[in-house]
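Trainee: my questions are about this predicted structure, shown below with the sequence.
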Amino acid sequence: MNELEFALRLEGAGGRAYQVGGCVRDIIRGVRPHDMDYVVTGIAEETFLGLFPDAIPIGRGFPVYRVRLDGGRCDVAFARSETKSGTGYRGFNFRSSPDTTIEEDLGRRDTTINSMARSPLTGELVDPYGGRRDIEAGIIRATSVRFTDDPVRALRAARQSAQFGYSIDRGTLLMMGACRDELSAEPRERVVNELARALECNRPSLFFRGLAEAGIIDVAYPQIASLVGRPQPQERHPEGDVFEHTMMAVDLAASITERVEVRFAALAHDIGKALTPAEVLPRNPDHDKLGEVALREWRRTMPLPRRWVSCAKFAIREHMRVHRTADPGYITDLLVSLRSHPIGIDGFSAVILADGKDLPDFLAEFKLFSD
């Protein structure tokens, strides 16, 4: 069954199908959607199952089905509205019925660029919140004041800024800040998930800058927040404080490698500088050792993937030494370690390039030879 047949079958039974969310956003942007999601209106669940008996239920607490379309599996949800009944992402009551409109369903979504629907039969765009306008202007804007109902939407807005290179609307930044208290109580798995998705972006720094501007970076990622305003020698780091250097490094790493664990290693390579005693600043001696302490604390408070931690630990421990040593023993041991370590020669080289924009000869030649 293809999309057209699916939509016509629904319409014949009194229902309507809409493409929704990210796929509509991508169509408007002129980008091929990775997958298609649908919302149906005007039809009862029992009628839908009569039309599509092979549909697989996957929803938790509200009706969502997986249907085979155009040779793949697509998610089909029934239009629903929601009301806040508690705290966090589980604190909602959902209502879904044949008379729930597509506008009601779109109104519960996070940002305007994700709050559009499109008819697969006519191509008609349903855009009650100005998503197309905001795509054209390059703006991330909350769909409504209901944005604050789920505090992780604050992270999503910042991540969308990094994903598309859009600026965040001022009012939305204020709503992000209003999520602060509930965000601190959210499951850390959700916070890690948004970090992972941000690190997949071309400019991950926009994610952290958005959170910093909203005043919630310390709630979500305190190890990165602690770098803001931390001084370092200006002659070596004209870009500014440790936070600015880290943002530069993670963006450079993202331009070199698609490996998220390596991008995380670049993000974490200088977190030990936040623990430098005040009396020795702006120098940061031993920030490699302090970095391992900071990384252990980060892992204690957040379920970071093991591979991320392994790569970050290696980068933290070794990134200071590679430009300072000519010791053949150390060089040999390092290169042997890189052959078997998860970060690898390519990953470690990416972090060193992101940190200092060049490689020591032994590492550059080894990388060239290994490639």
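Mentor: Nice, I can see it. Numbers count the residues shown, from 1 in each chain.
Trainee: return the residues in contact with residue 231.
Mentor: Shown in contact with residue 231 (Cβ atoms under 8 Å, 6 or more residues apart in numbering): 241, 242, 281, 282. All C-beta atoms are positioned from the backbone trio N, CA, C, and that covers glycine.
Trainee: phi, psi for the second one please.
Mentor: Main-chain dihedrals, residue 242, degrees, to the nearest 10: phi -70, psi -30.
Trainee: what is the burial count for it?
Mentor: Applying other Cβ atoms under 10 Å, we find 26 residues neighbouring residue 242.
Trainee: what do you get for the first one?
Mentor: Neighbours of residue 241 under the rule other Cβ under 10 Å: 17.
Trainee: which residues of this protein fall in strands?
Mentor: Taking DSSP state E, the strands of the chain run over residues 16-20, 37-41, 56-57, 64-69, 72-78, 81-84, 92-95, 117-118, 125-126, 139-140, 167-168.
Trainee: need the ones you listed in JSON lines with mean neighbour count, can you?
Mentor: Below are the strands of the chain laid out as JSON lines (neighbours: other Cβ atoms under 10 Å):
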{"stretch": "strand 16-20", "mean neighbour count": "23"}
{"stretch": "strand 37-41", "mean neighbour count": "22"}
{"stretch": "strand 56-57", "mean neighbour count": "11"}
{"stretch": "strand 64-69", "mean neighbour count": "18"}
{"stretch": "strand 72-78", "mean neighbour count": "17"}
{"stretch": "strand 81-84", "mean neighbour count": "15"}
{"stretch": "strand 92-95", "mean neighbour count": "14"}
{"stretch": "strand 117-118", "mean neighbour count": "22"}
{"stretch": "strand 125-126", "mean neighbour count": "18"}
{"stretch": "strand 139-140", "mean neighbour count": "24"}
{"stretch": "strand 167-168", "mean neighbour count": "20"}
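Trainee: out of those, which gets nearest to residue 190?
Mentor: strand 92-95 (14.6 Å; Cβ to Cβ).
Trainee: where does the residue sitting furthest away from the middle of the chain land on pLDDT?
Mentor: In the chain, the greatest distance from the average C-alpha position (Cα atoms, centre = their mean) is reached by residue 328, at 41.1 Å. Residue 328 carries a pLDDT value of 85.
Trainee: could you measure from it over to residue 319?
Mentor: Noted for residue 328: a distance of 20 Å to residue 319, by Cβ to Cβ, to the nearest Å.
Trainee: and residue 146, by the same measure?
Mentor: Residue 146 is 44 Å from residue 319, by Cβ to Cβ.
Trainee: buried residues, stretch 347-364. List them.
Mentor: 347-355, 359-360, 362-363 (16 or more other Cβ atoms under 10 Å).
Trainee: the closest residue to residue 317 other than its chain neighbours: neighbour count?
Mentor: Excluding the flanking residues, the one nearest residue 317 by Cβ to Cβ, 6 or more residues apart in numbering is residue 288, at 5.6 Å. When neighbours are defined as other Cβ under 10 Å, residue 288 has 18 of them.
Trainee: please say which of residue 146 and residue 319 ends up with more neighbours.
Mentor: residue 319 (23 against 17).
Trainee: is it true that that one touches residue 355?
Mentor: Yes: taking contacts as Cβ atoms under 8 Å, residue 319 lies within contact range of residue 355: 5.7 Å.
Trainee: hey, what's in contact with both of the two?
Mentor: Joint contacts of residue 319 and residue 355 (Cβ under 8 Å, 6+ apart) are residue 269.
Trainee: ok, now which ones touch the residue nearest to residue 317?
Mentor: 272, 316, 317, 318, 319, 320, 321.
Trainee: in space, what's closest to residue 74 - neighbours in sequence excluded?
Mentor: For residue 74, the nearest residue in space outside its immediate sequence neighbours is residue 36; the separation is 5.2 Å by Cβ to Cβ, 6+ apart.
Trainee: what's the answer for residue 302, then?
Mentor: Nearest residue to residue 302, sequence neighbours excluded (Cβ to Cβ, 6+ apart): residue 188, at 4.6 Å.
Trainee: the one you found contacts residue 303, correct?
Mentor: Yes: under the criterion of Cβ under 8 Å, residue 188 makes contact with residue 303 at 5.9 Å.
Trainee: go through the contacts of residue 231 and name the one nearest residue 197.
Mentor: For these, the nearest to residue 197 is residue 242 (24.2 Å; Cβ to Cβ).
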